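Peer 1: Model the following, please.
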Amino acid sequence: MPDVTNDTRADYGRTALEFYSEARTALGHEPDPAEDVELALAACAHGGSLDRLEPVLVEDLRKEDDWATEVCSDLVSHLFHAADGAVVPRLLLDAVTDPETRSEAAIAEAWRVLGERGAEFARFLAAVRRLLVTVHDIDADDLFEDARQIFEDEVEEERYAAAAERRALNGPRAGTVSDASA
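Peer 2: Model prediction:
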């Protein structure tokens, strides 16, 4: 598989988000928890298939903890790429993680801060969290935090590569370490 850029990762995340949002709208009502899990499974299978050679199947995501962890982790980091510039990943995590121990007022405030566009991302993240917790008993909050770190690492790696390429094209500049050794 060719190298994947952060723009490509953002496309993968956006595609999964759009799949989830369209399915949610087609449902015609606010999904109950079981329906939301099914929507998340379908969106994760769809989005997870984009960066793999073999399609990701809903039944495999439902049955296999390790596979669901891998696919969902990748997809959540892709979702952070899709949200880049629209909403900060930390704000998304504040809205959806650890709802069991937080007050309704704190959760409502976290969602308010997201704004309209951020809420769309958060609804999908909340559905993925429900899927991981209810179907697989996986610590989704840790998985989301790991995915956020992967996102940040990928952003930094791409930024560094672009800076290194600019340096190579422009040659060494005055005042750099390489000039001091000459």
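
Peer 1: Least confident secondary structure element in this structure?
Peer 2: Least confident helix or strand of the chain, by mean pLDDT, DSSP states H and E, is helix 177-180 with a mean of 50.

Peer 1: What's the local residue count around Gly118?
Peer 2: Gly118: 20 surrounding residues under other Cβ atoms under 10 Å. Every C-beta, even on glycine, is put in place using the N, C-alpha and C of the backbone.

Peer 1: Quick check, it in contact with Ala86.
Peer 2: Yes - with contact defined as Cβ atoms under 8 Å, Gly118 and Ala86 form a contacting pair (6.8 Å).

Peer 1: and the longest helix along the chain, which residues are buried?
Peer 2: The helix that spans the most residues within the chain, counting by DSSP state H, is helix 104-136. For helix 104-136, the neighbour count (16 or more other Cβ atoms under 10 Å) marks 110-111, 114, 118-132, 135-136 as buried.

Peer 1: likewise stretch 22-33?
Peer 2: By 16+ other Cβ under 10 Å, the buried positions in stretch 22-33 come out as Ala23, Arg24, Pro31.

Peer 1: From the residues you listed, which land in helices?
Peer 2: Going by DSSP H, the helices hold Ala23, Arg24 from these.

Peer 1: Closest to Ala43 out of the buried residues of stretch 22-33?
Peer 2: Using Cβ to Cβ, Ala23 is the member of those that lies nearest Ala43, at 6.8 Å.

Peer 1: What residues does the closest residue to that closest one other than its chain neighbours make contact with?
Peer 2: Counting by Cβ to Cβ, 6 or more residues apart in numbering, Ala23 lies nearest to Leu39, which is 5.0 Å off, once chain neighbours are set aside. Counting by Cβ atoms under 8 Å, 6 or more residues apart in numbering, Leu39 touches Tyr20, Ala23, Arg24, Leu27, Pro31, Ala127.

Peer 1: so the last one makes contact with Ala40?
Peer 2: Yes - taking Cβ under 8 Å as the definition, Ala127 is a contact partner of Ala40 at 3.8 Å.

Peer 1: just to revisit the earlier point, farthest pair within the contacts of Leu39?
Peer 2: Maximum pairwise distance among the contacts of Leu39 (Cβ to Cβ): 11.8 Å, between Leu27 and Ala127.

Peer 1: For the residue nearest in space to the middle of the chain, which residues are in contact?
Peer 2: What sits nearest the mean C-alpha location of the chain, by Cα atoms, centre = their mean, is Val76, with 2.3 Å. Counting by Cβ under 8 Å, 6+ apart, Val76 makes contact with Leu125, Val128, Leu143, Phe144, Ala147, Arg148.

Peer 1: what is the orientation angle of the helix or strand hosting the third one with helix 104-136?
Peer 2: Just to be clear, that refers to Leu143. In this structure, Leu143 sits in helix 140-170 according to DSSP states H and E. Using axes from the mean of the first three to the mean of the last three Cα atoms, to 10 degrees, the direction of helix 140-170 lies 90 degrees away from that of helix 104-136.
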